[in-house]
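**Q** can you look at this prediction? I've put the sequence above it.
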Amino acid sequence: MLPMIYMSLVDDDDLPRFEEIYTKYRQMLYGIAYRILNNEHDAEEAVITTYERIAEKFKDISQIPCNELPSCIVIICRNAAINIYRNNKKIAERTTELCEIISAEDVFRSFDDKDELINALKQLPDDYKDILFLYDLQGLSANKIAKMTGMKENTVRVKAFRARKMIKDILNGGVVND
């Protein structure tokens with residue numbers, strides 16, 4: 001069945017043809033996007049973006065000869081996936097830079113009172129505490145934690161960064177602000 005968002009973007013007269021294209025190429029486009037992104041959520045996002053672009057320009061796309069249509073759709077999908085990949089890469093680079101600014105070792109080494117550190121850890125929200133435990137204390141990669149928790153890899157890095165900052169704030173006399 002065709003998702004509602006596409007129905008609102010395509011004229012009623014064009015809906016049967018659009019639904020045919022959607023049904024015929026959806027799995028293929030998902031496979032292409034997944035090979036580029038290696039992530040189910042991002043691949044799905046690329047497919048959604050592809051069909052939104054097709055729906056927005058459906059009058060023009062429907063004029064493309066049948067033998068050229070798959071190539072055109074694949075190019076749209078590939079470009080959507082590459083854009084997502086580039087965006088994720090930029091975010092990951094910025095997050096890595098931020099994580100390097102406040103590393104776990106800096107936070108943990110700067111305080112000799114282990115009881116004070118344990119108390120600070122207890123004050124963290126559970127999701128931050130879990131990420132910090134897995135990321136810094138167990139040494140798991142953000143990728144592994146993301147797979148375990150169902151989060152995006154970037155979300156794991158950001159939560160680890162925020163958890164370290166919260167601990168640093170707590171140890172410097174502040175309070176947790178989530």
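**A** Done, it's in. Every value quoted in this text rests on a predicted model; they were computed, and no experiment measured them. Numbers count the residues shown, from 1 in each chain.

**Q** what about residue 148, neighbour count?
**A** The tally of other residues near residue 148 (other Cβ atoms under 10 Å) stands at 12. Bear in mind the C-beta positions are built from the backbone N, C-alpha and C, glycine included.

**Q** hey, which helix or strand in the protein has the poorest pLDDT?
**A** Sorting the helices and strands of the chain by mean pLDDT, DSSP states H and E puts helix 104-109 at the bottom, at a mean of 54.

**Q** ok, now which ones touch the residue nearest the centre of the chain?
**A** In the chain, the C-alpha nearest the mean C-alpha coordinate belongs to residue 152, at 4.6 Å (Cα atoms, centre = their mean). Going by Cβ atoms under 8 Å, 6 or more residues apart in numbering, residue 152 touches 39, 41, 146.

**Q** could you dump these to CSV with distance to residue 66?
**A** Listed next are the contacts of residue 152 as CSV, based on distance: Cβ to Cβ, whole Å:
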residue, distance to residue 66
39, 32
41, 32
146, 40
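
**Q** just those: which are in helices?
**A** Those of these mapping onto helices are 41, 146, per DSSP state H.

**Q** what is the nearest of the contacts of residue 152 to residue 173?
**A** residue 146 (33.1 Å; Cβ to Cβ).

**Q** residues near the closest one, how many?
**A** 19.

**Q** likewise residue 39?
**A** For residue 39, the count of nearby residues is 20 (other Cβ under 10 Å).

**Q** just the pLDDT at residue 72, thanks.
**A** Here, the pLDDT recorded for residue 72 equals 88.

**Q** go on, residue 136?
**A** Looking at residue 136, its pLDDT reads 75.

**Q** what about it, which SS state?
**A** helix (DSSP: H, G, I helix; E, B strand; the rest coil).

**Q** was I right to think it contacts residue 159?
**A** No: in this structure, residue 136 is not within contact of residue 159 by Cβ atoms under 8 Å, at 11.3 Å.

**Q** so how far is residue 17 from residue 31?
**A** Residue 31 sits 23 Å away from residue 17, going by Cβ to Cβ, to the nearest Å.

**Q** cool, and residue 64?
**A** Computed with Cβ to Cβ, the distance linking residue 64 and residue 17 is 12 Å.

**Q** thanks again, I'm all set now.
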